[in-house]
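Asker: Provided below are the primary sequence and the corresponding predicted coordinates.
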Amino acid sequence: MGGGEMTGEVGVELVADVHADVGEGPVWWRREGLLLWVDITARHVHVLDPHSSGRRRLEVGQPVGAVVPRRSGGLVLAVQHGFALADPTTGESRMVARVGDGDPSLRMNDGKCDPQGRFWAGTMAFDERPGAGSLYRLDADHRVETMLDGLTISNGMGWSLDGHTMYFIDSPTQRVDAFDFDPDRGAITNRRPLVEVPPEAGLPDGMTVDAEGFLWVALWGGWAVRRYAPDGSLDRVVRFPASQVSSCTFGGPGLDQLYVTSAACNLGEDALQREPHAGALFRCRPGVHGLPPTPFAG
């Protein structure tokens with residue numbers, strides 16, 4: 001059920017055939033040994049115990065673009081209009097910070113914690129109109145800073161091994177951009193393109209950084225995840241049996257398993273017959289390890 005190219009075969013495993021509308025944002029909850037991911041428009045968080053294969057679903061009640069564990073326990077969500085703390089058992093949540101003036105045409109799309117434990121998440125318009133989105137940073141004291149404006153589909157993020165470069169994707173640009181990152185202040189400057197993704201390869205979506213500093217980029221419409229070197233050169237392609245590959249993260253006790261989310265939204269009946277596992281969670285062992293994810297510091 002899948003394969004790799006440029007560096008030999010990589011077997012792909014179907015882990016959870018949940019038929020997510022917009023599966024996104026996988027994150028390894030290291031303390032609990034669980035994998036978390038969201039279905040944005042279906043408004044819930046999936047929780048998987050890979051050891052027992054047990055799975056449950058938290059109903060959030062509003063669009064949820066990202067989930068991350070908290071250092072002090074529980075979860076933090078990037079929900080439609082801001083950030084919320086959530087109970088990992090019941091899914092009950094309470095808002096701690098609002099963004100975007102409550103504009104009903106906008107929603108959160110993707111998010112991740114930086115190495116210092118700040119939670120970054122960005123918005124997009126439901127109709128994907130250009131320039132409507134922004135990128136926000138939630139600090140440990142629950143203050144929010146607007147970091148970028150004029151985005152269209154705020155998406156994947158990651159940080160270099162030395163912590164001084166931040167990677168960011170605004171999907172329609174067909175790029176992964178790099179910023180100089182100030183770890184102390186959480187400031188970003190000097191935006192420049194790092195990776196140019198050919199349109200025929202798909203739309204760059206979510207991503208993760210491995211322990212060698214390479215970037216793994218999910219390709220929406222591209223049936224694949226690509227691995228790029230820190231200099232932006234293409235290293236590897238791993239293919240999946242779903243066209244709308246949305247994001248990826250490393251998990252498992254050794255952080256040696258790459259978990260990959262996908263989406264079934266906007267696929268017609270013919271397309272769904274061709275890809276019956278659209279919206280599933282997949283897993284592969286690409287032969288490299290990921291980095292321990294940083295929980296939210298607040």
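Answerer: Looks like it came in fine.

Asker: going forward, measure contacts and count neighbours with C-alpha atoms only.
Answerer: Will do.

Asker: how about residue 254, what does it touch?
Answerer: Residue 254 sits next to residue 289 when contact means C-alpha atoms under 8 Å, 6 or more residues apart in numbering.

Asker: and for the one 3 residues further on?
Answerer: For residue 257, the contacting residues are 250-251, 283-286, 289, taking C-alpha under 8 Å, 6+ apart as the criterion.

Asker: can you check residue 28 too?
Answerer: With contacts defined as C-alpha under 8 Å, 6+ apart, the neighbours of residue 28 are 34-36, 249-252, 293.

Asker: mind running it again at 10 Å?
Answerer: By C-alpha atoms under 10 Å, 6 or more residues apart in numbering, the contact list for residue 28 reads 34-37, 48, 68-69, 249-253, 255, 259, 292-295.

Asker: where does it land in three-state SS?
Answerer: strand (DSSP: H, G, I helix; E, B strand; the rest coil).

Asker: so it bridges to which residues?
Answerer: Assessed by DSSP bridges, residue 28 has beta-bridge partners residue 35.

Asker: quick one: pLDDT of it?
Answerer: Listed pLDDT for residue 28 reads 98.

Asker: go through the longest strand along the chain and flag the buried ones.
Answerer: Looking across the chain with DSSP state E, the single longest strand is strand 187-196. Buried residues in strand 187-196, defined by neighbour count with 16 or more other C-alpha atoms under 10 Å: 188, 193-195.

Asker: neighbouring strands for it, and are they parallel or not?
Answerer: In the sheet, strand 187-196 lines up with strand 175-182 (antiparallel) (DSSP bridges).

Asker: pull out the buried positions in the strand it pairs with.
Answerer: 175-181.

Asker: how far off centre is that strand?
Answerer: For strand 175-182, the separation from the chain centroid amounts to 16 Å (computed by C-alpha atoms, centre = their mean, to the nearest Å).

Asker: can you check stretch 94-105 too?
Answerer: Using C-alpha atoms, centre = their mean, the offset of stretch 94-105 from its chain centre is 20 Å.

Asker: who's in contact with that stretch?
Answerer: Against stretch 94-105 from outside (C-alpha under 10 Å, 6+ apart): 76-87, 106-108, 122-129, 132-136, 138, 141-146.

Asker: list only buried entries from those residues.
Answerer: 76-86, 106-108, 122-125, 132-136, 138, 142, 144.

Asker: in helices only, show me the residues you listed.
Answerer: Nothing among those maps onto helices, per DSSP state H.

Asker: so which of those belong to strands?
Answerer: Per DSSP E, strands hold the following members of the buried ones among the contacts of stretch 94-105: 76-79, 82-86, 106-108, 122-125, 133-136, 138, 144.

Asker: pLDDT-wise, which helix or strand of the chain ranks last?
Answerer: Least confident helix or strand of the chain, by mean pLDDT, DSSP states H and E, is strand 3-5 with a mean of 37.

Asker: any idea which helix or strand comes after that strand?
Answerer: strand 12-16 (DSSP states H and E).

Asker: and that next one, how far out from the chain middle?
Answerer: Offset of strand 12-16 from its chain centre (C-alpha atoms, centre = their mean): 18 Å.

Asker: elements contacting it?
Answerer: In terms of contacts (3 or more C-alpha pairs under 10 Å, 6 or more residues apart in numbering; DSSP states H and E), strand 12-16 is packed against strand 44-49, strand 257-262, strand 281-284.

Asker: repeat that for 7 Å
Answerer: Applying 3 or more C-alpha pairs under 7 Å, 6 or more residues apart in numbering; DSSP states H and E, one finds that strand 12-16 contacts strand 281-284.

Asker: what mean pLDDT does the strand it packs on have?
Answerer: If you average the pLDDT over strand 281-284, you get 98.

Asker: not counting it itself, show me its contacts.
Answerer: 10-17, 257-262 (C-alpha atoms under 7 Å, 6 or more residues apart in numbering).
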